[in-house]
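Chemist: Next one to model:
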Amino acid sequence: QVQLVESGGGLVQAGGSLRLSCAASGRPGRVNWMAWYRQSPGKERDFVAALAPWGTANYADSVQGRFTISGDYAEKTVYLQMNSLKVEDTAVYYCKFEIYHTPHRGDDYWGQGIQVTVSS
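Modeler: Numbering: from 1, shown residues only. Okay, here's the model as predicted:
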């Protein structure tokens, strides 16, 4: 099994910054995509950002230009730098890794979630 452990969440004022981290451990495999999602109370889990091993990064429109995803594939760690935070960024943030334990099939793994609260 694979475990994903997130860190770096907390409470910040609007306009401030936070950096989330997520590290994978456990069953060996090749990490493919690494991504962040978020979920606010009463809402579905939404895509935030994703990073491909060849360097491509994709972002939701709502965070484009404010958030930056980066990763260390050797350390199986992904980061999310969040700047210019808004109250509406308040949510539980989840990391997700796609890991190939065999050559032809990737499995998705989720972190436990970490709270980010932005106050006005």
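Chemist: Check which helix or strand the most centrally placed residue in the chain maps to.
Modeler: Centroid-nearest residue in the chain, with C-alpha atoms, centre = their mean: residue 36, separated by 2.6 Å. If you go by DSSP states H and E, residue 36 is part of strand 30-39.
Chemist: Using neighbour counts, pick out the buried residues of that strand.
Modeler: Using 16 or more other C-beta atoms under 10 Å as the test for burial, strand 30-39 gives 31, 33-38. Bear in mind the C-beta positions are built from the backbone N, C-alpha and C, glycine included.
Chemist: Quick check: phi and psi on residue 87?
Modeler: phi -60, psi -40 (degrees, to the nearest 10).
Chemist: and if you look at residue 55?
Modeler: Dihedral pair for residue 55: phi 110, psi -10, per degrees, to the nearest 10.
Chemist: Using CSV, write out the CA atom coordinates for the longest strand anywhere in the chain.
Modeler: In the chain, assigned by DSSP state E, the strand with the most residues is strand 91-102. Provided in CSV are the C-alpha atoms of strand 91-102 (Å, rounded to 0.1, in the frame of the first residue of the first chain):
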residue,chain,number,x,y,z
ALA,A,91,-11.2,24.1,1.8
VAL,A,92,-9.7,20.8,2.7
TYR,A,93,-6.9,20.2,0.2
TYR,A,94,-6.1,16.7,-1.0
CYS,A,95,-3.0,15.4,-2.9
LYS,A,96,-3.4,12.6,-5.4
PHE,A,97,-0.7,10.5,-7.0
GLU,A,98,-0.9,8.2,-9.9
ILE,A,99,1.6,5.4,-9.3
TYR,A,100,2.6,2.6,-11.7
HIS,A,101,3.4,-0.6,-9.8
THR,A,102,3.3,-2.5,-13.1
